[in-house]
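Asker: Return atomic coordinates for the entry below.
(one chain, ligands or ions: 1)
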Amino acid sequence: MSHEDLLKKVNEYREKSIEGGGRDKIEQQRQKGKLWVRDRLNRLLDPDSFTELQWMRTHRSTYFGLDKLKYYGDGVVTGYGMIDKRLVYVYAQDFTVLGGSIGEAHGEKIARLIELAIKTGAPVIGLYDSGGARIQEGVGSLHGCGRIFNANVKASGVIPQIAVIMGPCAGAAAYSPALMDFVIMVKSSYMFITGPEVVKAALGVDVTFEQLGGANIHASTSGVAHFITEDEDSALALVRKLLSYLPSNNIEEPPFIQTEDPVDRRIDEIYEIVPTDPVKPFDVKKVISLLVDEGDFLEVHEHYGRSAVVGFGRIGGYTIGIVANQPAVNAGVIDIDASNKIARFVRFCDSFNIPIVTLVDTPGFMPGVDQEHGGIIRHGAKVLYAYSEATVPKITLVMRKAYGGAYIAMGSLSLESDINLAWPTAEIAVMGPEGAIRILYRKELSQAPDPEELARKKLAEYRETFANPFRAAELGYIDDIIDPALTRLKIYEALKALKNKREEFLGMIPKKHGNIPL
Ligand code: HXC
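Answerer: Down below sits the predicted model:
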């Protein structure tokens, strides 16, 4: 055979691989409003930058009719390409091949790709569209799934991992995104461990796909999804945007993006937005968008744990991770969901050299039977753990209320935050004035001829003592009390001062890893 003939044969195989489950199935996908797997990759990556690997690999199972089927690529397209001229590794499941199910070869292909991404220090992106473990392959498919999980865990904290859910993501398929850093769900997609049919059989409960594991549920209730998008195109655009804030691996700095927005821009609007009375709410997102370059803030977990706000922005071109209490939602109290959201975000930033800027205005951890029984002690402890463990630059600004354990948890100096700022409206105390005087003067108040008058007097005294940043500054817990209008500049200066911060988190005895309360 000539070289030409041989290459023709290669191309024939390649075309078969590209066809996946066949034209009919591709058309069925289109009719469901879903993009073809190759179109997804084209839209995600820089033009003509994709190189496919293992496009010929196929299953070797012979059960339940698989002996008669041969799908080159085995239902997942894997390879590498560029996003904004930076190398990324990517895998995309093809639902047209056996429902994107994960067989032995499918799983091994993904795991191997992730391992390559780790070795080369490049982010990995997974596009999910799968019915879960491939039933026909038995233990082989479970092994394939396990190999993916194992690779995801090895990659955790080494390279950023982003999952995009573009169709079903069922059974074992769902655990891989859960092990990655960010999960983006297209509105029409869904994720569950067992589907509605199994729920009906096992529990006798009727539930729809949407109610069980739709994107809205995972973005707001379970917290599995960090982002939700209207359609596939916006999900793929979001991957590109998210990556613009992140380094490619844990030994790189995040990208520096030159900005025209002056770092010394005054933000006088804060005087209008933030009431000096700590009981009155305001929207912390308005403050954040004033602080960051060009008002550009990428919020993570927008619909989950809403009494806290976390996300990425830049100041003077440097990526920062922002963690803020949200006084507009339950006064900024830290509940179980907010604890999980904050702790996970802080740990992500710490893994990838992203300085953490914390904006504090919280009355404390959420009280109540539900929260206590749900484990607020255990979940709140994650926030303490994450901040204490983080060695990236930590800059904290107490805006208004900072009471009790929540003061400590929100990046306080006690947990080795590096630079601690306060606005003149800051109040740092063991608890809010009303609660404090009821405990301190319970006896006196019950015996006083005019308890209201006594309460007013004691409240005024408490406020005078603690409802300000001055005692904390005298004791050295606050480094600087700043004019709110200069906050952007002050944070920028702190970032510059901490730029070369190097710190190892080591005790007397080296540890393998800590045991974060999960
Ligand atoms: C093999 C599968 C499959 C699977 C789907 N298919 N899931 N083949 N193994 N896990 C095949 C179907 O047989 C069908 O083949 C094709 O994919 C398309 O599926 P449809 O059902 O026609 O599509 P749709 O109506 O869109 O429904 C999609 C779906 C449904 C909701 C995902 O297929 C489904 O419920 N699949 C099973 C989901 C599940 O329970 N997975 C758990 C697996 S166990 P043909 O040839 O007809 O086109 C697992 C281990 C558990 O993962 C581990 C727990 C952690």
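
Asker: closest point of the stretch 151-300 of the chain to the ligand, which residue?
Answerer: Closest contact between the stretch 151-300 of the chain and the ligand, by Cβ to the nearest ligand atom, is at residue 171 (2.3 Å). All C-beta spots, glycine's among them, are computed from the backbone N, C-alpha and C.

Asker: hang on, isn't that residue packed against residue 193?
Answerer: Yes. Residue 171 is in contact with residue 193 according to Cβ atoms under 8 Å; the separation is 6.3 Å.

Asker: Those two - which one has more neighbours?
Answerer: Higher neighbour count among residue 171 and residue 193: residue 171, with 21 against 16, using other Cβ atoms under 10 Å.

Asker: ok, back up a step: and the residue of the stretch 151-300 of the chain closest to the ligand, how close does it get to residue 151?
Answerer: Remark: distance between residue 171 and residue 151 (Cβ to Cβ, to the nearest Å) = 18 Å.

Asker: same question, residue 50
Answerer: 20 Å.

Asker: same thing with residue 244?
Answerer: Applying Cβ to Cβ to residue 244 and residue 151 gives a distance of 25 Å.

Asker: residues from the protein in reach of the ligand?
Answerer: Residues of the chain lying close to the ligand (Cβ under 6 Å from any ligand atom) are 98-99, 101, 131-136, 168, 170-172, 175, 193-195.

Asker: of those, buried ones?
Answerer: Neighbour-count burial (16 or more other Cβ atoms under 10 Å) applied to those gives 98-99, 101, 131-134, 136, 168, 170-172, 175, 193-195.

Asker: Narrow these to those in strands?
Answerer: Judged by DSSP state E, strands contain the following of those: 168, 170.

Asker: Give me the lowest-pLDDT entry from the buried ones among the residues of the chain next to the ligand.
Answerer: Lowest pLDDT within those is found at residue 172 (89).

Asker: wait, what's in contact with that residue?
Answerer: Contact analysis of residue 172 by Cβ atoms under 8 Å, 6 or more residues apart in numbering lists 102, 132-133, 141-142, 145.

Asker: Which phi and psi values does the closest residue to it other than its chain neighbours adopt?
Answerer: Distance criterion Cβ to Cβ, 6 or more residues apart in numbering; nearest residue to residue 172, sequence neighbours excluded, is residue 145 at 3.9 Å. Main-chain dihedrals, residue 145, degrees, to the nearest 10: phi -60, psi -50.

Asker: Tell me how many other residues crowd residue 145.
Answerer: Residues lying near residue 145 (other Cβ under 10 Å) number 26.

Asker: Residue 178 and residue 224 touch, don't they?
Answerer: Yes. Using Cβ under 8 Å, residue 178 is in contact with residue 224, at 6.4 Å.

Asker: Looking at the two, which is more packed in?
Answerer: For residue 178 and residue 224, the more surrounded residue by other Cβ under 10 Å is residue 224, and the numbers stand at 20 against 14.

Asker: Run through the residues that contact the nearest residue to that one once chain neighbours are set aside.
Answerer: Residue nearest to residue 224 in three dimensions, not counting chain neighbours: residue 218, with 4.1 Å by Cβ to Cβ, 6+ apart. Neighbour list for residue 218: 183, 185, 191, 224-225, 228 [criterion: Cβ under 8 Å, 6+ apart].

Asker: Output the residues you listed in CSV, with secondary structure appended to each entry.
Answerer: Formatted as CSV, these follow (DSSP: H, G, I helix; E, B strand; the rest coil):
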residue, secondary structure
183, strand
185, strand
191, strand
224, coil
225, coil
228, strand
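
Asker: Can you pick out the most distant pair from those?
Answerer: Farthest-apart pair in the contacts of residue 218 is 191 and 228; separation 11.8 Å (Cβ to Cβ).

Asker: anything in contact with each of these two?
Answerer: Joint contacts of residue 191 and residue 228 (Cβ under 8 Å, 6+ apart) are 185, 218.

Asker: Same drill for the two, tell me which one is more crowded.
Answerer: Between residue 191 and residue 228, counting by other Cβ under 10 Å, residue 191 is the more crowded of the two (28 against 23).

Asker: Tell me the secondary structure of residue 259, please.
Answerer: Using three-state DSSP, the structure places residue 259 in coil.

Asker: Am I right that it is in contact with residue 295?
Answerer: No. Counting by Cβ under 8 Å, residue 259 sits too far from residue 295 to count as a contact (11.2 Å).

Asker: between these two, who's got more neighbours?
Answerer: Taking other Cβ under 10 Å, residue 259 and residue 295 do not tie; residue 259 has more neighbours (16 against 12).

Asker: Which residues lie in contact with the more buried one in this structure?
Answerer: Taking Cβ under 8 Å, 6+ apart, one finds 293-294, 314, 316-317 in contact with residue 259.

Asker: Please enumerate the helices of the stretch 201-350 of the chain.
Answerer: 209-213, 215-217, 232-245, 269-273, 284-291, 336-351 (DSSP state H, counting those that start in this stretch).

Asker: picking that back up, excluding its backbone neighbours, what's nearest the residue of the stretch 151-300 of the chain closest to the ligand?
Answerer: residue 132 is the one closest to residue 171 (Cβ to Cβ, 6+ apart), at 2.7 Å.

Asker: Was I right to think that neighbour contacts residue 98?
Answerer: No. Applying Cβ under 8 Å, one finds residue 132 not in contact with residue 98, separated by 11.0 Å.

Asker: what residues do the two have in common as contacts?
Answerer: Among the neighbours of residue 132, none is also in contact with residue 98 (Cβ under 8 Å, 6+ apart).

Asker: follow-up on the earlier one: who has more neighbours, residue 50 and residue 151?
Answerer: It is residue 151, of residue 50 and residue 151, that has more neighbours when counted by other Cβ under 10 Å, with 25 against 17.

Asker: Next up, identify which helix or strand that one is on.
Answerer: helix 139-155 (DSSP states H and E).

Asker: again, but for residue 49
Answerer: Assigned by DSSP H and E, residue 49 falls within no helix or strand.

Asker: Need phi/psi at it.
Answerer: The phi/psi pair for residue 49 (degrees, to the nearest 10) is phi -100, psi 0.

Asker: was I right about it contacting residue 81?
Answerer: Yes. Applying Cβ under 8 Å, one finds residue 49 in contact with residue 81, separated by 4.1 Å.

Asker: Who has more neighbours out of those two?
Answerer: residue 81 (20 against 17).

Asker: That one: which element?
Answerer: strand 76-83.

Asker: buried residues in the helix or strand just after that strand?
Answerer: Once the chain leaves strand 76-83, the next helix or strand it forms, by DSSP H and E, is strand 86-93. Of the residues in strand 86-93, 88-93 count as buried by neighbour count, 16+ other Cβ under 10 Å.

Asker: any idea which of the residues you listed is the one closest to residue 422?
Answerer: Checking the buried residues of strand 86-93 one by one against residue 422 (Cβ to Cβ), the nearest turns out to be residue 88, at 41.0 Å.

Asker: Pairing partners for that closest one in the sheet, please.
Answerer: Counting by DSSP bridges, residue 88 forms beta bridges with residue 81.

Asker: do the same with residue 356
Answerer: Beta-bridge partners of residue 356, as defined by DSSP bridges: residue 321, residue 394.

Asker: which residues touch it?
Answerer: 320-323, 346, 349-350, 387, 390, 392-395, 411.

Asker: Right, I'll leave it there.
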